[in-house]
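Novice: Quick one: sequence plus predicted model below, questions after.
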Amino acid sequence: MASHRALRYAVSVIICCVVLLLVPLSHGSVVPSSPPSNTEDKVQPFTAHQIANVIPTGKQVCTDGTYQHEAKTCCQCAAGQFLVQHCKKSPEDVSCDYCESGKTYNSVPNSINSCHPCTSCLQPNANMQVDKPCTIARDTVCRCKDEHYCDGDGNACLFCLPCDKCGTQGVQTPCTATSNTVCGNSAWLIALIVLVLVAISVVSFGIMWWKKWLCFRPDTPNDGAPGAVGRSESPEIQLLGAGELTPHLQEMADLIGWKDMKAVALKSNFQPAEIESYGLDHSNDSKEMALHLLMDWVQRMGSAAPEELIQKLKDVNRKGKAEQVAAKVRR
């Protein structure tokens, strides 16, 4: 390796000496032995470009690489430029021009005759904005707007999506430019809702049975109950007490029916709006409506309920049903 360097150095020195010897001749020196001539022979000096091509420097002429065109090797245009004309005599005499700043770019050395258009971050509904503007040697770099993310590689992202809102669940991992929000664990919230619903159901069931127990517990004689004045139980016919009607209420409600039970309630001073509310409470199921209206009616009538029920059915011209009820409430 050292011998090659020494040889190159010696050649360079010899060439420089030859150039120095030839330079004086170019300024009018004449060789004595030569005959005069009408045309003076002149020797042109070496240019710096010629010397640089002769003397090895260890550097390449094309810093951005080369390409082939019509069996010639030409230098590539640098990044940020495009080719205007191919080389003709030497690799470096290609003609290049710059891309239009802010509109076009070429990011690598090239031999193409145009520049790429800059990417726009302002496409409709893309939810993106400019992160780094376009230059002649680099395309625009876009990023998602605030509260938006792109599910994938940000450089290849075409549009961004809105980040999820967690509400009462709480945020476990915040939303970033490349990932959606991760909400907290909602299992505890679901469990709480289930517990509340179960508690409400238990309380409602307990209240319902408590009301039934109050309604059908054994009653003490109540001379002031509605319908008791001016009436006395026949000694020949003993009727069941109000508290003993419980096992028979469903059967009696089915016998009487919703329409006639409604008429009995109206005769007993129940308000029309109050009666209609049973339809809302029991999804217009006539059997359930008749049963619950009968239960509340018995509770209001107290110990006189069996006798009152028979009488009210007669009052609304339902003598046949009155007799059937009477047969069921006899001891």
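Specialist: Ah, there it is. Everything numeric in this text was worked out from a predicted model, so none of it was measured. Numbering: from 1, shown residues only.
Novice: I'd like the distance between Leu313 and Ala265.
Specialist: Distance, Leu313 to Ala265, by C-beta to C-beta, to the nearest Å: 12 Å. C-beta: built from backbone N, CA, C; applies to glycine.
Novice: actually Ala199, not the one I typed
Specialist: Ala199 is 33 Å from Ala265, by C-beta to C-beta.
Novice: how about low-confidence regions in the stretch 101-250 of the chain?
Specialist: Across the stretch 101-250 of the chain, the ranges flagged by pLDDT under 70 are 152-155, 186-189, 212, 214-244.
Novice: how about the helices of it, start to end?
Specialist: Here the stretch 101-250 of the chain has its helices, by DSSP state H, counting those that start in this stretch, at 187-216, 249-267.
Novice: ranking the ones you listed by burial, who's on top?
Specialist: Highest mean neighbour count among these (mean count of other C-beta atoms under 10 Å): helix 249-267, with a mean of 18.
Novice: tell me the angle that helix makes with helix 187-216.
Specialist: Angle of helix 249-267 versus helix 187-216, following axes from the mean of the first three to the mean of the last three C-alpha atoms, to 10 degrees, is 80 degrees.
Novice: Okay, buried residues for whichever helix or strand comes after helix 249-267 please.
Specialist: Using DSSP states H and E, the next helix or strand after helix 249-267 towards the C-terminus is helix 272-281. Buried residues in helix 272-281, counting neighbours by 16 or more other C-beta atoms under 10 Å, are found at Ile275, Tyr278.
Novice: could you give me the average pLDDT of helix 272-281?
Specialist: If you average the pLDDT over helix 272-281, you get 83.
Novice: Against which helices or strands is that helix packed?
Specialist: helix 249-267, helix 286-301 (3 or more C-beta pairs under 8 Å, 6 or more residues apart in numbering; DSSP states H and E).
Novice: got the contact list for Trp297?
Specialist: Residues near Trp297 by C-beta atoms under 8 Å, 6 or more residues apart in numbering: Met261, Val264, Ala265, Ser268, Phe270, Ala305, Leu309.
Novice: List just the nearest of those residues to Met252.
Specialist: Leu309 (7.9 Å; C-beta to C-beta).
Novice: Can you verify my assumption that the closest one contacts Lys267?
Specialist: No. In this structure Leu309 lies outside contact range of Lys267 using C-beta atoms under 8 Å: 10.7 Å.
Novice: OK, contacts around the closest residue in space to Cys142 that isn't next to it in sequence?
Specialist: What sits nearest to Cys142 in space, not counting adjacent residues and going by C-beta to C-beta, 6 or more residues apart in numbering, is Cys121, at 3.8 Å. Shown in contact with Cys121 (C-beta under 8 Å, 6+ apart): Met128, Gln129, Val130, Asp131, Thr140, Cys142, Arg143.
Novice: Could you measure from Cys121 over to Ile200?
Specialist: To Ile200, Cys121 is 53 Å away according to C-beta to C-beta.
Novice: cool, Ala326 as well?
Specialist: Taking C-beta to C-beta, one finds Ala326 at 41 Å from Ile200.
Novice: picking up where we left off before, a markdown table for the contacts of Cys121, including neighbour count?
Specialist: Converted to a markdown table, the contacts of Cys121 look like this (neighbours: other C-beta atoms under 10 Å):
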| residue | neighbour count |
| --- | --- |
| Met128 | 22 |
| Gln129 | 14 |
| Val130 | 14 |
| Asp131 | 13 |
| Thr140 | 17 |
| Cys142 | 22 |
| Arg143 | 18 |
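Novice: Give me the subset of those residues lying in strands.
Specialist: The strands, defined by DSSP state E, take in Met128, Gln129, Val130, Asp131, Cys142, Arg143 from the contacts of Cys121.
Novice: what's the domain layout of the chain?
Specialist: 66-117, 128-183, 236-329 (automatic domain parsing).
Novice: Can you lay out these as JSON lines showing distance to Trp210?
Specialist: Putting the domains of the chain into JSON lines (distance: least, C-beta to C-beta, whole Å) gives the following:
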{"stretch": "domain 66-117", "distance to Trp210": "80"}
{"stretch": "domain 128-183", "distance to Trp210": "35"}
{"stretch": "domain 236-329", "distance to Trp210": "12"}
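Novice: which outside residues touch stretch 69-88?
Specialist: Contacts of stretch 69-88 (C-beta under 8 Å, 6+ apart): 61-68, 91-99, 105-115, 135-137.
Novice: Which parts of the protein are strands?
Specialist: In the chain, the strands defined using DSSP E lie at 66-69, 72-75, 81-85, 95-98, 104-105, 116-117, 128-132, 141-144, 148-149, 161-162, 171-173, 182-183.
Novice: tell me the average confidence for the first one?
Specialist: In this case it means strand 66-69. 93.
Novice: Partner strands of it, with direction?
Specialist: The pairing partners recorded for strand 66-69 under DSSP bridges are strand 72-75 (antiparallel).
Novice: before we move on, the earlier item: any of the contacts of stretch 69-88 buried? List them.
Specialist: 62, 64, 66-67, 91, 94, 96, 99, 105-106, 109-111, 115, 135-136.
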